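Undergrad: Next one to model:
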Amino acid sequence: MSTPVQLRRHPGFVRLTHWLTTIAFLALLVSGIEVLLSHPRFYWGETGNVEETPLFIIPVPASRSTVPTGYGYVLPDQNGWSRYLHFQSAWLLAFTGLAYLVAGVRSGHFRRDLLPASAELRWPPVRNAIVRHLRFPAASVADPSSYNLLQRIAYLLVIFGLVPLVIWTGLAMSPGFTAIWPSTVTLVGGKQSARTLHFVISVALTVFLFVHLAMLVLAGFTARVRAMITGRAEVRP
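TA: Numbering: from 1, shown residues only. As a prediction, the model looks like this:
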């Protein structure tokens, strides 16, 4: 039997920002659910209230008696601490993301570890990667020292797409921020449009989180978490 070799897996700034982002996202998820319960109805445009027809409704009880939900009871109002926690966690996510971007560009992390080669982005290689990694999960995680194609594409979409958008739409709901940069909210069609987009993007990020956790379990949860803590992964030559 070959002797395991310890390979460098994650640089320090990746590990630090990963765990800070994890804390921020979990806090945002819990507090965001509480904020949602105060008015589980979504609109499009600048304004939205119970007198207007919503774009869609989340079928859950509300924490405010003035919001019609069809349920015969009202949940306890947790709007105070949840909004405060949501706001503070959002700034933690924003500053952590900025630090990650700066360190990733300076170190070449994005180009070296995440950016696929142009040949990999053509349809046959992408199709083959999807079939191989979804039908045979073990093959997609055989090399713990690198990211496969689907992982790189997913991470790039999250890092440069979903996370910036969720921060943008969150800021677009802040009266103080939009008073300084009104284009933040006008570009998305109004405060209610920003709220609706913020919810949809948050759902997409939550789905990514659950897929990410599922792949960790398939790959070996303990080994992968250890690599994100120590920065090294054990492989057999």
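
Undergrad: Please count neighbours and contacts with C-alpha atoms only from this point.
TA: OK.

Undergrad: If we ignore the residues flanking it in sequence, what's nearest the residue positioned nearest the centre of the chain?
TA: Nearest to the mean C-alpha position of the chain, counting by CA atoms, centre = their mean, stands L205 at 3.6 Å. Leaving aside its chain neighbours, L205 sits nearest to L162 (7.0 Å; criterion: CA to CA, 6 or more residues apart in numbering).

Undergrad: And the strands in the chain, which stretches?
TA: 5-8, 41-42, 56-57, 232-235 (DSSP state E).

Undergrad: which neighbours does the last one have in its sheet, and in what orientation?
TA: Pairing partners of strand 232-235, with direction, according to DSSP bridges: strand 5-8 (antiparallel).

Undergrad: quick one: buried residues of the partner strand?
TA: Within strand 5-8, no residue qualifies as buried by neighbour count (16 or more other CA atoms under 10 Å).

Undergrad: how far does that strand sit from the chain's center?
TA: 29 Å (CA atoms, centre = their mean, to the nearest Å).

Undergrad: can you start the count at 14 instead of 1 from here on
TA: Renumbered: residue one is now 14, and that last one reads strand 18-21.

Undergrad: if we can go back for a sec, what's near enough to touch the residue nearest to L218?
TA: 214, 217-218 (CA atoms under 8 Å, 6 or more residues apart in numbering).

Undergrad: what pLDDT does it get?
TA: pLDDT recorded at L175 is 96.

Undergrad: Return the distance of the nearest residue to P89 once chain neighbours are set aside relative to R96.
TA: Excluding its sequence neighbours, the residue lying closest to P89 (CA to CA, 6+ apart) is S76, at 5.6 Å. In this view, S76 and R96 are 14 Å apart by CA to CA, to the nearest Å.

Undergrad: Ok, A75 next?
TA: 15 Å.

Undergrad: So for the two, which sits in the more crowded spot?
TA: A75 (26 against 16; other CA atoms under 10 Å).

Undergrad: Tell me which residues touch the closest residue to that one other than its chain neighbours, please.
TA: Closest residue to A75 apart from its sequence neighbours, by CA to CA, 6+ apart: L50 at 4.8 Å. L50 makes contact with 73-76, according to CA under 8 Å, 6+ apart.

Undergrad: averaged over its residues, what pLDDT does stretch 19-31 have?
TA: Rounded mean pLDDT across stretch 19-31 is 87.

Undergrad: Equivalent analysis for stretch 190-197, please.
TA: 92.

Undergrad: buried stuff in that stretch?
TA: Per 16+ other CA under 10 Å, stretch 190-197 contains these buried residues: 191, 197.

Undergrad: how far does that stretch stretch from start to finish?
TA: 8 Å.

Undergrad: just stretch 47-55 next, same as before
TA: Taking CA to CA as the criterion, the two ends of stretch 47-55 lie 15 Å apart.

Undergrad: now that stretch, how far from the centre of its chain.
TA: The answer for stretch 47-55 is 20 Å, by CA atoms, centre = their mean.

Undergrad: just the helices in this protein please.
TA: 25-50, 92-120, 122, 136-148, 150-153, 162-170, 176-184, 188-193, 196-199, 204-232, 234-243 (DSSP state H).

Undergrad: ok, of the ones you listed, where does mean pLDDT dip lowest?
TA: helix 150-153 (a mean of 45).
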